[in-house]
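Give me the fold of what follows.
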Amino acid sequence: MKIGNSKSGVPVFGLTVFLIAILLAGFAESAHATTRRTAAVAGSVKFPLSIHPTGRYLVDSGGNPFRLNMESTWLMPSFASGADVDTYISSRTSKGFNTFLIMAPSPNLSTLSGIPDLPATPPATAGGLNPFTGTVGDFRNVYSEPYWAWIDTIVDKAAAAGMVVVVAPAYFQAQDGGGAQSATATRSWAVDIYNQADPTSGNSAVNTQAVMYAYGQWLGTRYGAKGNVLWLAAGDYVFSDGSEGNIRGHKIIDGIRNRSPGAIALFQGRWPDSMPDDYTEWKDMDIRSFYSLGPGENGQNFATADRAWTASPARPTLMFEPTYYNPNAPSTRPTARRELWWGVTAGSTAGDHSAVAGYTESVGYPNWANYIEDGFSYDRAYLFSLFASVPWYAMLPSGVGSGRLGKTLLTSGAGTGLSTITSQATADGKNLVAYVPPTGTGATTFSVDMTSMFSPARARWYDPTSGVYTAIGTNFANTGTLQFTTPGNNGSGTNDWILQLDSNCSGDGAVAIAEVQSAINMFLGLKAPAPCVDTNGVGGVAISEVQKVINAFLGQ
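Numbering: from 1, shown residues only. This is a model prediction of the structure:
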């Protein structure tokens, strides 16, 4: 069977060459630089994680991009049993979650989340384990072995499932019972540990910078070898620049880094839209995590995502804590979903974070498991699924200027305010994603600059509430502009949609065996390199580029 032609007229037999290419590809697979598969499947992740040389995203130790699909389980250490942790991990990995966040030790924040102190009063666990061997809040005696063995269990269960655990080792959370931010609030480590001048705290004087540094060293020694632990600094409250509180908080991270040089730290500042760069003591965080409620808490978190993405130096950006979804007030679902998609498509390359009010954030709370199968959980799964199918790590936000794509993707109908359509694409023109937010009901029309695509493109609508694609067409010319109109209401009765464009050599969005053969012929010098295979533009085709075509053919 003749599939390709050589320059000399000698036929190239597709099956033989394809098998040779598969062998070569297998060899290339061993070199991590030749593959760009998303490491999201349990068992495929090689810990520890590190930051890619571009500074834009995380990779595992095999070089595979790793996206943080994260959810809060803030009080899991206090409320959960081992069986609860197993149930949670099983549910979340089946939906594509690969990261969860815990407080260890947990301050007593239960009433702030509307959760009564059942079955435990943090920092003690349901089984009566307390991290402190003496006065609670005195971090000179926070090393109770039975308690930290329980944290080890949670971390190890997560690692076995290919999951990352983000640990907040001293969550500030300086809030009073009404949610007001205050350095004298109750139920807060910020008071017990950091506010040296606070007369209501009997422990302020003992938790010196040296004590907090030693605590960090101990954490770095204990968890550095586990590989699947990241560290969360501050947390909902940040002291003023240069304050003793910030310095003590940072000393924990300094101590962790001292004993675990590859440790990765992120940060949660004050709401509604802060990021580490806004504070003198926190500018050196490894991940630029940004509070995601929008400037002035206007919900337009795409503006904060853009601010984080374009800041210098380049760092992985992580959308942190958009609007909480409340299962008892389901009207929050479209809002929470909108802010997630906005943040991701406007510049959050490290991943995204969400939380469910009061329930999955407290694994072990009575009836908590009823809430991990609701619609919002699947909204998250559908977001993860789409981004697992595209090179998310190479996507650049629309626009010109620092870090952006270099052109505006939407030429008309992009909207303003809460109707803003966000978009991103890869520089090679092979992938484009645009998110149309919910505005109620009905259709939305906008136009795309098709010169952003490197070849004729396939176009599809993606329903963010069902994960179902609706075909628009194939072979749309990569010239001029093209108008698109959403299909109306999605599966949940709202009208948010994702437009997805992709290009390959044939322009139909799928890789056929003939295209694999063509790529192999380019590699062998039997056919001139085409831009759709020669993605690095050097005028030749490397085995790694053939590998990408084969992976696409195999659906990987």
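
For the rest of this, base every contact and every neighbour count on C-alpha atoms.
Will do.

Low-confidence ranges, the protein, go.
Residues of the chain that meet the criterion pLDDT under 70 lie in 1-43, 109-119, 174-187, 195-204, 357-362, 506-509, 528, 530-532, 534-539, 555-556.

And the residue nearest the centre of it?
Taking CA atoms, centre = their mean, the centroid of the chain lies closest to G351, which sits 1.4 Å from it.

partners of that one in the sheet?
Beta bridges link G351 to L68, L318, judged by DSSP bridges.

For the nearest residue to T470 once chain neighbours are set aside, which three-state class applies?
Distances taken as CA to CA, 6 or more residues apart in numbering place W461 nearest to T470, at 5.0 Å, with adjacent residues excluded. When classified by DSSP: H, G, I helix; E, B strand; the rest coil, W461 comes out as strand.

Can you give me the neighbour number for W461?
Residues near W461, counting by other CA atoms under 10 Å, number 22.

can you check S402 too?
12.

What's the local residue count around the residue nearest to it when sequence neighbours are not counted?
The shortest distance from S402 to any non-neighbouring residue, by CA to CA, 6+ apart, is to T310 (5.5 Å). T310: 18 surrounding residues under other CA under 10 Å.

Assess the claim that T310 and L405 are in contact.
No - judged on CA atoms under 8 Å, T310 makes no contact with L405 at a distance of 11.4 Å.

picking that back up, do I have it right that the residue nearest to T470 meets F484?
No - contact criterion CA under 8 Å: W461 and F484 do not qualify, at 9.8 Å.

Give the residues shared as contacts by the two.
Listed contacts common to W461 and F484 are nil; contacts here mean CA atoms under 8 Å, 6 or more residues apart in numbering.

Relative to P65, how far out is the residue nearest to S402?
The span separating T310 from P65 equals 21 Å under the rule CA to CA, to the nearest Å.

residue ranges of the helices in the protein, please?
14-29, 76-79, 82-94, 145-160, 189, 209-223, 244-259, 302-310, 332-347, 375-388, 513-523, 543-553 (DSSP state H).

Give the other helices and strands that the last one contacts.
Packing contacts for helix 543-553, counted by 3 or more CA pairs under 8 Å, 6 or more residues apart in numbering; DSSP states H and E, involve helix 14-29, helix 513-523.

again with the second one
Using 3+ CA pairs under 8 Å, 6+ apart, the elements in contact with helix 76-79 are strand 99-103.

so what strands line up beside the strand it packs on?
Going by DSSP bridges, the partners of strand 99-103 are strand 68-72 (parallel), strand 164-168 (parallel).

Please identify which of the ones you listed is closest to Q547.
Nearest of those to Q547, taken as CA to CA: strand 68-72 at 25.4 Å.

Show residues contacting the closest one.
By CA under 8 Å, 6+ apart, strand 68-72 touches 96-102, 350-356, 360-361, 384.

returning to that earlier point: JSON lines for the strands paired with strand 99-103, including mean neighbour count?
Rendered in JSON lines, the data for those read as follows (neighbours: other CA atoms under 10 Å):
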{"stretch": "strand 68-72", "mean neighbour count": "25"}
{"stretch": "strand 164-168", "mean neighbour count": "25"}
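
Export the ones you listed to a markdown table and append columns for distance to A265.
As requested, the strands paired with strand 99-103 are exported to a markdown table (distance: least, CA to CA, whole Å):
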| stretch | distance to A265 |
| --- | --- |
| strand 68-72 | 13 |
| strand 164-168 | 9 |
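
Nearest approach to G399 belongs to which of the ones you listed?
Using CA to CA, the strands paired with strand 99-103 put strand 68-72 closest to G399, at 24.8 Å.

now that closest one, how far from the centre of its chain.
In this view, strand 68-72 has its centroid 6 Å away from the chain centroid, taken as CA atoms, centre = their mean, to the nearest Å.

next one: stretch 483-492
The answer for stretch 483-492 is 26 Å, by CA atoms, centre = their mean.

Next, the buried residues of it.
484, 486-487, 489-490 (16 or more other CA atoms under 10 Å).

Check stretch 425-443 too.
Buried, per 16+ other CA under 10 Å, within stretch 425-443: 425-438, 443.

Let's have the helices of the chain in a markdown table, adding distance to P397.
Below are those laid out as a markdown table (distance: least, CA to CA, whole Å):
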| stretch | distance to P397 |
| --- | --- |
| helix 14-29 | 30 |
| helix 76-79 | 35 |
| helix 82-94 | 28 |
| helix 145-160 | 32 |
| helix 189 | 38 |
| helix 209-223 | 35 |
| helix 244-259 | 31 |
| helix 302-310 | 8 |
| helix 332-347 | 5 |
| helix 375-388 | 14 |
| helix 513-523 | 29 |
| helix 543-553 | 23 |
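
Need the winner for burial among those helices.
helix 76-79 (a mean of 28; mean count of other CA atoms under 10 Å).

Tabulate the buried residues of stretch 483-492 (CSV), appending distance to H250.
Listed next are these as CSV, based on distance: CA to CA, whole Å:
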residue, distance to H250
F484, 49
T486, 48
P487, 50
N489, 48
N490, 46
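
Among those residues, which one lies nearest to G216?
N490 (48.0 Å).

list the contacts for the residue nearest to that closest one when sequence neighbours are not counted?
Distances taken as CA to CA, 6+ apart place D463 nearest to N490, at 6.1 Å, with adjacent residues excluded. The neighbours of D463, taking CA under 8 Å, 6+ apart as the test, are 469, 490-491, 496-498.

out of these, who's nearest S452?
The closest of these, once distances to S452 are taken by CA to CA, is I498, at 17.1 Å.

That closest one: neighbour count?
Using other CA under 10 Å: I498 sits among 22 other residues.

my guess is it meets W461, correct?
Yes - contact criterion CA under 8 Å: I498 and W461 qualify, at 5.7 Å.

can you tell me which residues contact the spatially closest residue to T349 that is not a sequence neighbour?
Nearest residue to T349, sequence neighbours excluded (CA to CA, 6+ apart): T317, at 5.4 Å. Applying CA under 8 Å, 6+ apart to T317 gives the contacts 56-57, 287-290, 305, 308-309, 347-351.

Reformat those residues into TSV and put distance to N521 next to each item.
Listed next are the contacts of T317 as TSV, based on distance: CA to CA, whole Å:
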residue	distance to N521
R56	34
Y57	33
I287	42
R288	43
S289	45
F290	46
A305	42
A308	43
W309	39
G347	37
S348	38
T349	35
A350	36
G351	37
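
now, which of these sits nearest R270?
For those, the nearest to R270 is F290 (9.5 Å; CA to CA).

residues touching the closest one, list them.
Here F290 is in contact with 267-269, 273-276, 304-305, 308, 317-320 (CA under 8 Å, 6+ apart).

again, only using 7 Å
273-275, 308, 318-320 (CA atoms under 7 Å, 6 or more residues apart in numbering).

repeat for V533
Contacts of V533 (CA under 7 Å, 6+ apart): 519, 541, 545.

May I have the residues that are in contact with F320?
289-292, 352-353.

again, 6 Å this time
289-292, 353 (CA atoms under 6 Å, 6 or more residues apart in numbering).

Rebuild those as a markdown table, extending it with distance to A158.
Below are the contacts of F320 laid out as a markdown table (distance: CA to CA, whole Å):
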| residue | distance to A158 |
| --- | --- |
| S289 | 22 |
| F290 | 25 |
| Y291 | 25 |
| S292 | 26 |
| H353 | 17 |
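
No further queries at this time; thank you.
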